[in-house]
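[1] let's see this in three dimensions:
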Amino acid sequence: GLARQEVPLMYVPSGRRNNSRGTVMSGSAIRGRQGSERFFTLPAVTLIASSFVLGMSDFVVVGILPDIAADLKISEVTVGNLVSLFAFVYAPVTPLGSALSARFPRFATHLTLIGIFLAGNLLCAFAPNYAVLVVARIMIALVSGTLVAVAMTYAPDVTTDKFRTKFIAWVFSGFSIASVVGVPVGTWVANTFGWRWAFHIINVLTIMLIVGMVVALPRNSHIVKIGFLPQFRLFFDRRIQLGVLTVVFGAAASYVFYTYLTPIMRDEVHVPEQYLSVGLVIFGAACLWSNLYGGKLADRGRGVEPLTHIRPIYCAHAVLMASLVVAHWVPVYGALLLVVLGMFMYLQNSASQVLYMDVASQSHPGSLNLAASLNSMSFNIGIALGSAVGGLVNGHFGLTWLGPVGALFLLCAIATTTMLRPF
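    Residues are numbered from 1 along each chain as shown. Below is the predicted model:
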């Protein structure tokens, strides 16, 4: 039992997979021979689609923030708190849920979690007041991170070692595609039909996703024989600690300003109201490029190597972030800068996921599910930290100073990647 679990999740040799497809796959329905040459198989596309739906639910509040505030007669800052609350719940629950999920049959767990996700979004769509909306967002936050981690564990079953970083990058890119297409569409729907319809669309997509999962995903499991608590020994690994901190600081830097992206475009860069959704699409496209290019950066080595190579990128990012202060006086520069900041936003994602998975498979093979969840956990601690700090800065000093504060977090990320280099 344990021997099978110790095969690193991300690199089951393709030869072994083809020889014993009955045990590792769900048979020919999932992958014929073309599976080794084709990346976009039905199971892989289903898993990318799942992160798209999760991302849409995560990010949609940023786009419809003013509509919710107006309808429920509360301030925009109060609705903005939903973003940080979501992240505060998501971050600690994700590793717990992932470690727990490793002990149950994977497919049944996956379906149960997506069912809870659907219930939370239904509650959002029909929430009569802010309190119900808070409960609904907490429900969604409780399962979202574990859903991403479970999706990552399908990698050896739905793709080959050659496509490992590409699969990681595309699952993360589902979130970017959501910010490119989902959030602006959600914003447009909210403006046209009311904000609740943004959640109705998410619910329809979730039902379609569940059908896709039932049709396409393999039913095998890698149930761990290690206990619940021993999996958390992973956190005592210095490489993991530094990797987590790097992602926390990198995400916090971006979310200091991203939480207030719509007000920044409206008040600092002076984008006319009717073009705000176009601005969100362009920013989202930059984020998508960021995720996919991040996959290429993650191909540069194994273990901690790819993340240490991100250090010069953090340096450039810090300088650009600090210059956001100029946007108030030079709106054209501000508009271009926002696009460039979007291109920097997710460059670390695949590199950090490679670090977590490689370190776990090498030193802590029983903790692979937990390792798969660390990127989501770290990023959301960063979101919570960044959006909370952004709220304080915006409240006390105004939108103009969000950039320089974000740059301070990037200096911390530069420090942690420097400390990773000896490993």
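
[2] make it CA atoms for all contacts and neighbour counts henceforth
    Noted.

[3] how many neighbours does M419 have?
    15 (other Cα atoms under 10 Å).

[4] and it, what does it touch?
    By Cα atoms under 8 Å, 6 or more residues apart in numbering, M419 lies in contact with L242.

[5] so it is in which element?
    Using DSSP states H and E, the element containing M419 is helix 402-420.

[6] any idea how far L280 is from M139?
    27 Å (Cα to Cα, to the nearest Å).

[7] you'd agree A102 is up against G227?
    No. Using Cα atoms under 8 Å, A102 is not in contact with G227; the gap is 9.9 Å.

[8] which of these two has more residues huddled nearby?
    A102 (26 against 14).

[9] I'd like the distance between the more buried one and Q362.
    A102 is 18 Å from Q362, by Cα to Cα.

[10] return the distance of the helix holding M419 from the chain's centre.
    On the basis of Cα atoms, centre = their mean, to the nearest Å, helix 402-420 sits 20 Å off its chain's mean C-alpha point.

[11] so what's G391 up against?
    Per Cα under 8 Å, 6+ apart, neighbours of G391: 77, 256.

[12] flag every buried residue along the helix or strand where it lies.
    Using DSSP H and E, G391 falls within helix 368-397. For helix 368-397, the neighbour count (16 or more other Cα atoms under 10 Å) marks 368-391, 393-394 as buried.

[13] what residues does stretch 176-186 touch?
    52-53, 55-56, 59-60, 62-64, 195, 197-198, 277-278, 280-285, 287-288, 291.

[14] show me just the buried residues among these.
    52-53, 55-56, 59-60, 62-64, 195, 197-198, 277, 280-285, 287-288, 291.

[15] inside strands: which ones of those residues?
    Among the buried ones among the contacts of stretch 176-186, none falls in strands (DSSP state E).

[16] list the buried residues for stretch 325-334?
    325-328, 331, 334.

[17] whoops, I mixed them up, stretch 230-240
    231-232, 234, 239-240.

[18] please work out the average pLDDT along the helix holding M419.
    Averaged across helix 402-420, pLDDT comes to 96.

[19] got the buried residues for it?
    Quick answer for helix 402-420 (16+ other Cα under 10 Å): 402-417, 420.

[20] check stretch 338-349 too.
    338-349.

[21] ok, stretch 205-221 next?
    For stretch 205-221, by 16+ other Cα under 10 Å, it's 205-206, 209-210, 212-213, 216-218, 220-221.

[22] same question, stretch 150-169
    Buried residues in stretch 150-169, counted by 16+ other Cα under 10 Å: 150-161, 163-169.

[23] and M345, backbone torsions?
    Torsion angles at M345 (phi, psi; degrees, to the nearest 10) stand at phi -60, psi -40.

[24] list the contacts of it.
    251, 254, 287, 290.

[25] of those residues - the most surrounded one?
    A251 (30 neighbours).

[26] grab the nearest non-local neighbour of that one.
    Nearest non-adjacent residue to A251, counting by Cα to Cα, 6 or more residues apart in numbering: G382, 4.7 Å away.

[27] any figure for the gap between that neighbour and L297?
    From G382 to L297 the distance is 21 Å (Cα to Cα).

[28] flag the least confident of the buried residues of stretch 325-334.
    In terms of pLDDT, the lowest of the buried residues of stretch 325-334 is H328, showing 87.

[29] that residue and V271 touch, don't they?
    No. Applying Cα under 8 Å, one finds H328 not in contact with V271, separated by 11.9 Å.

[30] still on that earlier bit, now the buried residues of stretch 338-349 as CSV including secondary structure and pLDDT?
    Shown next, in CSV, are the buried residues of stretch 338-349 (DSSP: H, G, I helix; E, B strand; the rest coil; pLDDT from 0 to 100):
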residue, secondary structure, pLDDT
L338, helix, 95
V339, helix, 95
V340, helix, 96
L341, helix, 96
G342, helix, 94
M343, helix, 95
F344, helix, 96
M345, coil, 93
Y346, coil, 92
L347, coil, 94
Q348, coil, 94
N349, helix, 91
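
[31] any chance of those residues in JSON lines, with distance to N129 too?
    Below are the buried residues of stretch 338-349 laid out as JSON lines (distance: Cα to Cα, whole Å):
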{"residue": "L338", "distance to N129": "33"}
{"residue": "V339", "distance to N129": "35"}
{"residue": "V340", "distance to N129": "37"}
{"residue": "L341", "distance to N129": "35"}
{"residue": "G342", "distance to N129": "33"}
{"residue": "M343", "distance to N129": "36"}
{"residue": "F344", "distance to N129": "37"}
{"residue": "M345", "distance to N129": "33"}
{"residue": "Y346", "distance to N129": "34"}
{"residue": "L347", "distance to N129": "38"}
{"residue": "Q348", "distance to N129": "38"}
{"residue": "N349", "distance to N129": "36"}
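
[32] mind picking the two most distant members of those residues?
    Greatest spatial distance among the buried residues of stretch 338-349 (Cα to Cα): L338 and N349, at 19.4 Å.

[33] mind checking the pLDDT average for stretch 93-103?
    Here the average pLDDT along stretch 93-103 is 91.

[34] ok, stretch 156-167 next?
    85.

[35] how far away from the center of its chain is it?
    How far stretch 156-167 lies from its chain's middle: 19 Å, per Cα atoms, centre = their mean.
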